[in-house]
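> structure, please.
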Amino acid sequence: MAPNDPSIDEIISKIQSCTDAAAVTKTLAPFLKDLSEQVFAARPQGQTDPMDALSPALHSLAYLYFLLQRCKASHGFHPALMEKVWEFVNTCDGEQIQQASNKALYFAEALVKMATDTQQPIIAIRPLAVFIQRLQTSPGQLTMIHPLLAKTCLLAQSFKDIIPILDNDISDVKRQHTQINYKDFLLYHYYGGMIYAYIKNFERSVEFFKLAVSAPAEVASQIQIEAYKKYVLTGLLHYGKVPNLPKYTATAVHRSRKAHCGPYDDFAAAYEKKSNNAIRTELEKIKQVLVRDKNYGLAKQCMEALHRRNIQDLTRTYLTLSIKDITSLIGLDSEPEGERRVEGIIVRMIESRAVFATISHEHEGGMVSFLDDPNQHNSTATMDMINAQIQKATAITSNLVEMDQYISKMPAYFNKGSHLPDRPGYSIGEGDYGMHMEYDVYADEGLFYMYAFSCIFAATYTLTRLCFYVKNRKLHLV
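Residues are numbered from 1 along each chain as shown. All right, here's what the predicted structure looks like:
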């Protein structure tokens, strides 16, 4: 402890005297900030452990300071420490923690370090997920811990706890509460897109990568470039083509994309021709690039996705086809065991309800009969789903209007926005997963909220999906 630091008993007394929100904000937060780290790391001999004298629910802010030092000093997980961690994340007061959001991030990082040091990153996932929920004021609020949780889930290849968090579209980005920055946005959506791709939810994966790529930028971040590469591949997997980027995507991003993602655009162009030979040739041509970028696995999945898409196209023309004819029509007749492979693809498509069909082996080689969708989509469950999506879209629209009004009153937004330079290229630095992670820092709150605006705008995708669903199914809302 530093010479000027008060004694542990005096510190505990001070903490216990600050119980209401005003005292925590005006008195306790500055008091704790001025103390040296040695105060919170010390364990007085023969005296009560400060953490035993404090309640993680009532004294959350002070408890965080002590718990952070215990986690940083720990080498691996210990049952007694983990018990305190769990008690804290389950009961802490999120409003108090906002007074030291940087300490909350350091605590989360220390927790992950303890887990990775013991080669068990999965241990940190559940506490982080619970901690995020305690910090959030709404399910759509992004915190500084979101990207750390997503990265840890990728390291552990465990996604059960983060999927419910990812499924909530981001619509709240209050910097003053969470200290998040531009890089947090990019990494969260980049990692989130990777997670959705891993579990083969390519529709959501495309949306996450799109949010990263289309984020406002004076110079393109390498994170955006890497996100675009995966955006191309997941777009091919889900849509059979690369979806157009939003019109508000920065010019700098487009320039960097053209300069550094040419092989991916060439592969996409070959893929849209639906020619097996053209795709194989292009895939072999850019294999080294894909392996270097760790995207070769996604690219290989595009091949089978093409076969599935070609089979779906056949359902619009034919009612019945032999497996041999299907094999020939989709270009797999030259492959050994081609017919068996095609039958396997059709079986998986039937199981996933990608097509409705039956396979009969009464004839040699097998026959496939294509059927209409048996679901008429006129059930109560369908109407409940539509009503829920309408309510969600209405809430998103309200947030959008509120954010628009807030931004329109910010002088900093106009001052910065009227002097934006238009510079090509991007800066490069070393970072996670072998990527270059330098980024253009959006310190100005106006541009930061401009990105928040684009996040909410992207979330209106919910309403767009609903409109297409109603139109395609010819439903009538009553």
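> how far away is Glu402 from Tyr182?
22 Å (CB to CB, to the nearest Å). To be clear about C-beta, it is placed using only N, CA and C from the backbone, and glycine gets the same treatment.
> what's the answer for Asp265, then?
For Asp265, the distance to Tyr182 - CB to CB - is 26 Å.
> the two: who's more crowded?
The residue with more neighbours, out of Asp265 and Tyr182, is Tyr182; 20 against 15, by other CB atoms under 10 Å.
> I figured the more buried one hits Val219, correct?
No - checked against CB atoms under 8 Å, the pair Tyr182 and Val219 is beyond contact range at 11.7 Å.
> pLDDT of the strand or helix carrying Ala80, averaged?
Ala80 is located in helix 79-91, with elements delineated by DSSP states H and E. Mean pLDDT, helix 79-91: 93.
> one more: stretch 169-184?
78.
> swap in stretch 388-403?
76.
> report the buried residues of it.
Using 16 or more other CB atoms under 10 Å as the test for burial, stretch 388-403 gives 389, 393, 396, 399-400, 403.
> same check on stretch 153-171?
By 16+ other CB under 10 Å, the buried positions in stretch 153-171 come out as 153-156, 159, 161-163, 165-166, 169-171.
> Serialize these to TSV and add fields for secondary structure and distance to Ala100.
TSV is the format used below for the buried residues of stretch 153-171 (DSSP: H, G, I helix; E, B strand; the rest coil; distance: CB to CB, whole Å):
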residue	secondary structure	distance to Ala100
Cys153	helix	25
Leu154	helix	28
Leu155	helix	26
Ala156	helix	27
Phe159	coil	30
Asp161	coil	25
Ile162	coil	24
Ile163	helix	29
Ile165	helix	22
Leu166	helix	26
Asp169	coil	28
Ile170	coil	23
Ser171	coil	25
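> of those residues, which is the nearest to Lys113?
Each of the buried residues of stretch 153-171 was checked against Lys113 using CB to CB; the closest is Leu155, at 12.0 Å.
> for the closest one, give its distance to Val355.
When Leu155 is compared with Val355 (using CB to CB), they lie 37 Å apart.
> helices or strands next to the longest helix along the chain in the packing?
Longest helix of the chain, by residue count under DSSP state H: helix 380-408. Applying 3 or more CB pairs under 8 Å, 6 or more residues apart in numbering; DSSP states H and E, we find helix 380-408 packed against helix 445-459, helix 461-473.
> how far off centre is it?
Using CA atoms, centre = their mean, to the nearest Å, the mean C-alpha position of helix 380-408 is found 21 Å from that of the whole chain.
> for the stretch 151-300 of the chain, give me the ranges with low pLDDT.
174-177 (pLDDT under 70).
> just the helices in it please.
Along the stretch 151-300 of the chain, the stretches classed as helices by DSSP state H, counting those that start in this stretch are 163-166, 175-178, 182-198, 202-213, 222-239, 251-260, 262-271, 276-285, 287-292, 296-314.
> out of those, which is closest to Asp9?
Minimum separation from Asp9 across the helices of the stretch 151-300 of the chain (CB to CB) falls at helix 175-178, 32.8 Å.
> where does pLDDT dip in the stretch 351-478 of the chain?
Those would be 376-378, 407, 410, 412-478, if you go by pLDDT under 70 across the stretch 351-478 of the chain.
> can you report how many residues neighbour the residue nearest to Pro243 when sequence neighbours are not counted?
Among residues not flanking Pro243 along the chain, Gly235 sits closest, at 5.1 Å (CB to CB, 6 or more residues apart in numbering). If you count neighbours by other CB under 10 Å, Gly235 ends up with 22.
> who's in contact with Gly235?
206, 241-243, 268 (CB atoms under 8 Å, 6 or more residues apart in numbering).
> are any of those residues buried, and which?
Judged by 16+ other CB under 10 Å, buried ones among those: 206, 242, 268.
> which of the residues you listed sits closest to His78?
The shortest gap between His78 and any of those belongs to Val206, at 42.7 Å (CB to CB).
> got the contact list for that closest one?
Counting by CB under 8 Å, 6+ apart, Val206 has contacts 193, 231, 234-235, 238-239, 243.
> who wins for neighbours among those?
Thr234 (31 neighbours).
> so it touches Phe202, yeah?
Yes - the criterion here is CB under 8 Å, and Thr234 meets it with Phe202 at 4.9 Å.
> follow-up on the earlier one: could I get the helices of the stretch 151-300 of the chain as JSON lines with distance to Glu343?
Compiled in JSON lines, the helices of the stretch 151-300 of the chain are given as follows (distance: least, CB to CB, whole Å):
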{"stretch": "helix 163-166", "distance to Glu343": "32"}
{"stretch": "helix 175-178", "distance to Glu343": "52"}
{"stretch": "helix 182-198", "distance to Glu343": "27"}
{"stretch": "helix 202-213", "distance to Glu343": "24"}
{"stretch": "helix 222-239", "distance to Glu343": "22"}
{"stretch": "helix 251-260", "distance to Glu343": "40"}
{"stretch": "helix 262-271", "distance to Glu343": "24"}
{"stretch": "helix 276-285", "distance to Glu343": "18"}
{"stretch": "helix 287-292", "distance to Glu343": "29"}
{"stretch": "helix 296-314", "distance to Glu343": "11"}
